[in-house]
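S.K.: my questions concern the predicted model and sequence given below.
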Amino acid sequence: MNHFAPAGAAPALVRQRGFTLVELMVVVAIIALLAAVVIPNYVHARAQAAVSQSESNLKEIATALELYYADNQTYPASGNVTPDLFGGAKNPYLSATPVNALGRQVYVYSFVAAAGGTPATYSIEDPGLYDPTTLSSVPLKGAGVGTSGLCTQCTRLYYDPQDGLYGQ
């Protein structure tokens with residue numbers, strides 16, 4: 001087979017195979033559609049994970065406070081939740097400072113002294129602001145277990161011994 005064209009003959013056009021503009025546009029549209037579905041779900045899942053972490057931290061702090069109370073018959077003074085609140089770095093109640101996932105903020109603890117026959121109590125506040133859609137399974141303050149009073153517009157998480165974990 002002769003690979004050279006005869007002298008004076010026009011060179012043969014070789015058709016190159018490739019993607020057309022329409023095919024490329026279809027692929028880009030499919031990728032954009034997939035991204036439009038996946039990215040919001042990913043963002044919501046991350047926000048929900050932050051709420052779950054905060055719920056866990058609030059319960060851990062409450063457990064440390066109850067253990068402290070069992071040993072000392074009083075709760076510590078109000079302040080930010082750090083190991084220093086319980087007596088320093090070598091205390092048996094809380095070994096590290098729990099922080100929320102949003103802004104790495106420290107939880108705030110408030111002690112309420114006993115008065116008029118009511119026992120001493122406390123509350124713990126998460127200073128972060130959450131997306132209300134991620135708190136839709138958290139009860140409202142005072143709703144109690146088993147009621148349908150769930151947060152639909154809540155943006156903050158709290159804990160106290162009477163109401164447990166709740167939103168406002």
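M.R.: Done, it's in. Numbering: from 1, shown residues only.
S.K.: okay, CA-based contacts and neighbour counts for the rest of this
M.R.: Will do.
S.K.: the protein: helices as residue ranges?
M.R.: In the chain, the segments counted as helices under DSSP state H are 21-72.
S.K.: okay, now the unreliable bits of it?
M.R.: In the prediction, the chain carries residues with pLDDT under 70 at positions 1-14, 142-148.
S.K.: count the residues that sit near the residue nearest to Tyr130 when sequence neighbours are not counted.
M.R.: The spatially closest residue to Tyr130, leaving aside those adjacent along the chain, is Thr155, at 4.7 Å (C-alpha to C-alpha, 6 or more residues apart in numbering). Around Thr155 sit 18 other residues, with neighbours defined as other C-alpha atoms under 10 Å.
S.K.: which non-adjacent residue is nearest the one residue sitting closest to the centre of the chain?
M.R.: A centroid search over the chain (C-alpha atoms, centre = their mean) returns Ala50, at 1.0 Å, as the residue closest to the centre. Here the nearest residue to Ala50 in space, its sequence neighbours aside, is Ala101; by C-alpha to C-alpha, 6+ apart that works out to 5.3 Å.
S.K.: roughly how far apart are Arg46 and Ser52?
M.R.: In this structure, Arg46 and Ser52 are 10 Å apart, going by C-alpha to C-alpha, to the nearest Å.
S.K.: circling back: report the contact partners of the residue nearest to Tyr130.
M.R.: The neighbours of Thr155, taking C-alpha atoms under 8 Å, 6 or more residues apart in numbering as the test, are Leu129, Tyr130, Asp131, Pro132, Leu135, Gly167, Gln168.
S.K.: among those, which one sits closest to Tyr42?
M.R.: Asp131 (14.1 Å; C-alpha to C-alpha).
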